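Engineer: heads up, no residue letters with this:
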């Protein structure tokens, strides 16, 4: 097995609930705590296992909410206390990753951090390693580096990265500048991107020297930067931390790292991309979950969960079962059935994006007990 | 309110489980014990309430299985012991109705019985009364009389009755001879029947003098007749009944009353029909249940059950809920969702007839616990 990467520290923001996967994902069982591939392991655990060989033992930090502390520690029994960075309240990705960067930079000024979502599915560990090692080499040169996934179809579900000119770094033969980021496109545009080889899927992974990342936040969001510095200064001092967190946390701006760091850095020629040739999916909704579990056999019914009492007659799509009930499907195509103890969802792949609307409706009507 | 009909006795065979309505209907909760219209009353109770004004107090017998005795008595607190006719084992409709006829004829030789399924839905009590009163008048003349429903669409889900010539009975101005019975037709034939006014739906209701009905059985199924006579002879003698039942019941032939009585009687010109202008449905499957509960608004989602936690986004069809779970439907059309504690069914109106196949599959694979 290859050696871990010197000076590299992995950060796993484990925050989002994954509302588009309701009622499977919910406040007390967010997406990253589920096994969405039938591997027997949660996405968080898979992420950890993928990163540990690269970062080395004891060099992965998880940023998560207080509510998930126990679950995270249960999933990751090897994690040290000081590597569980607890958010008082969610403040979006710039704060989560920026705080980790600030804390780690104080502990280890030259550290290179890599941020990897806790709830994505990646297959192809050697290709992943290969991409991360290149990205770290790019980061050592002072760039912020992202991993971009070469599209395998004209997806409208992901944002895109437009590659610019080559970036010459010896240990990163595939590195390029990022010309710009593009939000989720319409189908026509997605088809153009797919044939044009210079567009990559934005998988939201960032690798950079912690001080470079923080410098970018300082330039673009000085107040956020100041807040993160205040927090980091006392973070490892158990006595001092509490009052500062209470005072500063509520003032921390909610902003995605894409806007606080990636897009401005790209404009200034400071953002690089390395293509990741591994299989990647953010499993954004049940359509994507169905595809992920159907192994390309669109006529089959994918089943997630250990329920063996499922009868399918001429049906396709996905059944996610968290109960022991007998589930019988007859003549329903591209169906999505999610069967949990207190909530049932029935929809189709086509309408999977609308699940979030149901969650919003449940919130509005005071039925939070099932969220 | 009109007087009850002198000499008339109603018989309610309450036998079938209604497998096409699984997992709602099942062995310990057969179709007749469900409220399928949202009325707050079971179909059995509705049937009883419809018949009591016609038959008079204490003049309705229910033929049911031992397993359902308690439930039937709970539903019909007014029923007298001697009016609960218990079958040791189901032996199809000729035995059920024939046994009731034989028992009632011994108690009251001139009795006219009317047999009405426990699990059909009828709306329009005055029209029902009107039809039954005519049918009794026809029965008094020595005919076996059925009620036929003028079709309101080209249904392929029902059998048909072909009306023959007029039958002149003073108190039954609409009576006619039955020319023949027709099994469920294909769509083309159903369309012809619908335009030809002489075809009526076979609703399986029979009104006849008990001795006439028994005479017909004697002619067509002499062994069945003999068995029924043996049973009836001792039925009201608690001490003698047991051994005779044990001996005779296993020999009783399983045959539908259509074949043992109705069709042969029609051939011999002894079967009459009176049209019933009331709304009638045998609620044979979930498609029919959906239609029954949608009140003609096909774009709506019908909901059966007291669950108020159902969210529909652009969905139509029917949800039957026996749990308190939140049920969310998104973009599913003509869907059928049946949510019970231990089993879930998802299908569409189009495939509703195939539910029975699932029940058969569950039986074959030893999962009888949910049947």
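Structural biologist: Perfect, I can see it now. What you are looking at is a predicted structure, and each value in this text was computed from that prediction instead of being measured.
Engineer: now chain A, which segments are flagged as low pLDDT?
Structural biologist: A:1, A:296-298 (pLDDT under 70).
Engineer: residues in contact with residue A:209?
Structural biologist: Residues in contact with residue A:209 (C-beta atoms under 8 Å, 6 or more residues apart in numbering or on different chains) are A:110, A:111, A:112, A:113, A:139, A:140, A:142. To be clear about C-beta, it is placed using only N, CA and C from the backbone, and glycine gets the same treatment.
Engineer: List phi and psi for the spatially closest residue to the first one that is not a sequence neighbour.
Structural biologist: Across the structure, with C-beta to C-beta, 6 or more residues apart in numbering or on different chains as the measure, the residue nearest residue A:110 apart from its sequence neighbours is residue A:7 (6.0 Å). For residue A:7, the backbone dihedrals (degrees, to the nearest 10) come out as phi 80, psi 0.
Engineer: Next, count neighbours for residue A:7.
Structural biologist: By other C-beta atoms under 10 Å in any protein chain shown, the residues close to residue A:7 number 17.
Engineer: try the one 3 residues further on
Structural biologist: A total of 26 residues lie near residue A:10 under the criterion other C-beta under 10 Å.
Engineer: by contact count, what packs against the helix or strand harbouring it?
Structural biologist: Using DSSP states H and E, residue A:10 falls within strand A:8-14. Contacts defined by 3 or more C-beta pairs under 8 Å, 6 or more residues apart in numbering or on different chains; DSSP states H and E place strand A:8-14 against helix A:43-55, strand A:60-65, helix A:92-107, strand A:112-115.
Engineer: Minimum distance to residue B:345: which of those has it?
Structural biologist: Residue B:345 lies closest to helix A:43-55 among those, at 30.9 Å (C-beta to C-beta).
Engineer: Pull the distance from that closest one to the chain's centre.
Structural biologist: A distance of 13 Å separates the centroid of the chain from that of helix A:43-55, by C-alpha atoms, centre = their mean, to the nearest Å.
Engineer: which parts of it are buried?
Structural biologist: Buried residues in helix A:43-55, counting neighbours by 16 or more other C-beta atoms under 10 Å in any protein chain shown, are found at A:43, A:44, A:45, A:46, A:47, A:48, A:50, A:51, A:52, A:54, A:55.
Engineer: hang on, the earlier thing: filter the contacts of residue A:209 down to the buried ones.
Structural biologist: Looks like the contacts of residue A:209 have A:111, A:112, A:113, A:139, A:140 buried, using 16+ other C-beta under 10 Å.
Engineer: In the residues you listed, find the pair that's most separated.
Structural biologist: Maximum distance among the buried ones among the contacts of residue A:209 (C-beta to C-beta): 12.3 Å, for A:113 and A:140.
Engineer: how about the helices and strands packed on strand A:8-14, which one is nearest residue A:369?
Structural biologist: strand A:60-65 (19.0 Å).
Engineer: could you say what helices and strands the following helix or strand past that closest one packs with?
Structural biologist: Counting by DSSP H and E, the next helix or strand C-terminal to strand A:60-65 is helix A:69-75. Applying 3+ C-beta pairs under 8 Å, 6+ apart, one finds that helix A:69-75 contacts helix A:43-55, strand A:84-87.
Engineer: and the gap between the nearest residue in space to residue A:66 that is not next to it in sequence and chain B?
Structural biologist: Spatial nearest neighbour of residue A:66, chain neighbours left out: residue A:86 (5.3 Å); criterion: C-beta to C-beta, 6+ apart. To chain B, residue A:86 is 30 Å away according to C-beta to the nearest C-beta, to the nearest Å.
Engineer: The spatially most central residue of chain A sits in which helix or strand?
Structural biologist: By C-alpha atoms, centre = their mean, chain A has its centre lying nearest to residue A:117, at 2.4 Å. Under DSSP H and E, no helix or strand contains residue A:117.
Engineer: Now name the helix or strand holding the closest residue to it other than its chain neighbours.
Structural biologist: Excluding the flanking residues, the one nearest residue A:117 by C-beta to C-beta, 6+ apart is residue A:204, at 5.8 Å. Per DSSP H and E, residue A:204 falls inside strand A:199-209.
Engineer: Spit out the contact partners of the residue nearest to residue A:117.
Structural biologist: A:93, A:117, A:120, A:146, A:257, A:258, A:282 are the contacts of residue A:204 under C-beta under 8 Å, 6+ apart.
Engineer: Can you convert those residues into CSV and add a column each for distance to residue A:314 and secondary structure?
Structural biologist: Formatted as CSV, the contacts of residue A:204 follow (distance: C-beta to C-beta, whole Å; DSSP: H, G, I helix; E, B strand; the rest coil):
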residue, distance to residue A:314, secondary structure
A:93, 43, helix
A:117, 37, coil
A:120, 33, coil
A:146, 44, strand
A:257, 46, helix
A:258, 43, helix
A:282, 31, coil
